[in-house]
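J.: Can you look at this prediction? I've put the sequence above it.
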Amino acid sequence: MTQIRVGLVGSGGITHVHVPAWLELGAAVTVFSLEGAEELAAQYGLSVAASLQELLADADIVDICTPTTSHRSIAEAAAAAGKDIVCEKPVGRTVADGKAILGAVREAGVQLYPGHVVRYFPAYAAAKEAVDGGRVGTPAVLRFNRGGAGPASPWFYDVEQSGGIIMDQMIHDLDQARWLAGDITAVYAVQNTAGADGAGDGEPARIVSAHVTLTHESGAISHIQGVWGPPGMDFRTSFDIAGDSGALRFDSAADTSVVRNLPAGVVDSYLPPAGVEESPYLTEIREFADAFAGGAAPRVSLEDGIIAVAIAEAALESLRTGQSVPFSTSHVLTSEEVPS
């Protein structure tokens, strides 16, 4: 079997979960980054490219792990070079960026999948299986929480660059809400910010909390909370999904990962097997690599990534206006843009 050649763009924190996954799959990885490429290569035994053009010439797959505003230009260059692409979330800073990427990959006949890795975490995948299997009935109220120490790099706090906590962090749970409860009709958001101790004038807010409420076409309501906290704050995620015949609860800080409150006689085969140890990043990247090789489509599509960006954009509009923002997937992607 021919060894996969992966061109990794970027050297930030997320690369430390992407690289081990590619190496586990036996890929040869080359990295290009404006800074940090040599250090990353030395740590993992990678090759280094001197330019993006050199990287594209030597890669079969391009993995984009750079700041959000660069995703579009790199993805367009990779597509023009005929390369399949993995792109960390969000796929673009705006829906316009995402749709430009969609046009580029379709014109080039290549594939691109966004890194919505939470779909691959066992508890969240189990919840999807449970909901799709009717084990909680029709979802009515969903709650998602995600929080931890805020990012170290200042660009994350610049809403123009990153979209802030809603676009960068909470987009995972915006995607989860739609994945589990279906399409959305309205988005409402609030946010609080506070400077960290010792922050000088003009420095970005370092403590951020936001809450987004989604109304689904089904009538379900999703409440999504995100926190970028002080340094040292433990990372924690949780969800509660209540339907008309049962409920599911997950808390990453709990000893038991999924708590069941289901009707008598319902089997719990949807729960992840005991002792699951595989990294969800490995599961995700393996699924992408299989698709690139002609296998089944992954559980997340480029179109899913664009819609998640659109929901985050609507939440940012709600922050600006203080009003609930109407939402329609058909207004984000036309029927021609959504695969049949």
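T.: Yep, it's here. Residues are numbered from 1 along each chain as shown.

J.: contacts, neighbours, all on C-alpha from now
T.: Will do.

J.: Identify the residues contacting the nearest residue to Y188 once chain neighbours are set aside.
T.: With CA to CA, 6 or more residues apart in numbering as the criterion, Y188 has its nearest non-adjacent residue at 4.5 Å, and that residue is S324. S324 is in contact with A186, V187, Y188, A189, S318, counting by CA atoms under 8 Å, 6 or more residues apart in numbering.

J.: one more time with 10 Å, if that's ok
T.: A186, V187, Y188, A189, T213, L214, T215, A314, A315, E317, S318 (CA atoms under 10 Å, 6 or more residues apart in numbering).

J.: From the residues you listed, pick the one nearest V227.
T.: V227 lies nearest to A189 out of the contacts of S324, by CA to CA, at 13.6 Å.

J.: Return the distance of that closest one relative to Q3.
T.: A189 is 46 Å from Q3, where distance means CA to CA, to the nearest Å.

J.: hmm, back to that, Serialize the contacts of S324 to CSV and add fields for distance to A50.
T.: Shown next, in CSV, are those (distance: CA to CA, whole Å):
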residue, distance to A50
A186, 46
V187, 44
Y188, 45
A189, 43
T213, 45
L214, 45
T215, 48
A314, 39
A315, 39
E317, 40
S318, 43
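
J.: Need the phi and psi values for the residue nearest to Y188.
T.: Torsion angles at S324 (phi, psi; degrees, to the nearest 10) stand at phi -70, psi 140.

J.: again, but for A181
T.: When read as degrees, to the nearest 10, the backbone of A181 gives phi -120, psi 0.

J.: G134 contacts G243, doesn't it?
T.: Yes - between G134 and G243 there is a contact under CA atoms under 10 Å: 9.3 Å.

J.: quick one: which of the two has more around it?
T.: Between G134 and G243, G243 has the larger neighbour count (other CA atoms under 10 Å), namely 20 against 14.

J.: Dump stretch 301-314 to CSV, keeping only the CA atoms.
T.: The C-alpha coordinates for stretch 301-314 follow below in CSV (Å, rounded to 0.1, in the frame of the first residue of the first chain):
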residue,chain,number,x,y,z
SER,A,301,-19.5,17.3,5.7
LEU,A,302,-18.1,20.6,4.5
GLU,A,303,-21.8,21.7,4.2
ASP,A,304,-22.2,20.9,7.9
GLY,A,305,-19.2,23.1,8.7
ILE,A,306,-20.6,26.0,6.7
ILE,A,307,-24.0,25.8,8.4
ALA,A,308,-22.2,25.7,11.8
VAL,A,309,-20.4,29.0,10.8
ALA,A,310,-23.8,30.4,9.8
ILE,A,311,-25.3,29.6,13.2
ALA,A,312,-22.3,31.3,14.9
GLU,A,313,-22.7,34.3,12.6
ALA,A,314,-26.3,34.6,13.6
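
J.: and it, how far from the chain's centre?
T.: 10 Å (CA atoms, centre = their mean, to the nearest Å).

J.: ok, which stretches of the stretch 1-150 of the chain are strands?
T.: Using DSSP state E, counting those that start in this stretch, the strands of the stretch 1-150 of the chain run over 5-9, 28-32, 47-48, 61-64, 84-88, 112-115, 139-149.

J.: Neighbouring strands of the fourth one in the sheet, and parallel or not?
T.: Pairing partners of strand 61-64, with direction, according to DSSP bridges: strand 5-9 (parallel), strand 84-88 (parallel).

J.: Just confirm V227 is within a helix.
T.: No - counting by DSSP: H, G, I helix; E, B strand; the rest coil, V227 is located in no helix; its state is strand.

J.: Give me the neighbour count for P90.
T.: Applying other CA under 10 Å, we find 27 residues neighbouring P90.

J.: try F250
T.: Neighbour count of F250, defined by other CA under 10 Å: 20.

J.: now do V110
T.: As a burial measure, V110 scores 18 neighbours (other CA under 10 Å).

J.: For it, which residues are in contact?
T.: Contact analysis of V110 by CA under 10 Å, 6+ apart lists I61, A78, A79, A80, A81, G82, K83, D84, I85, A104, F292.
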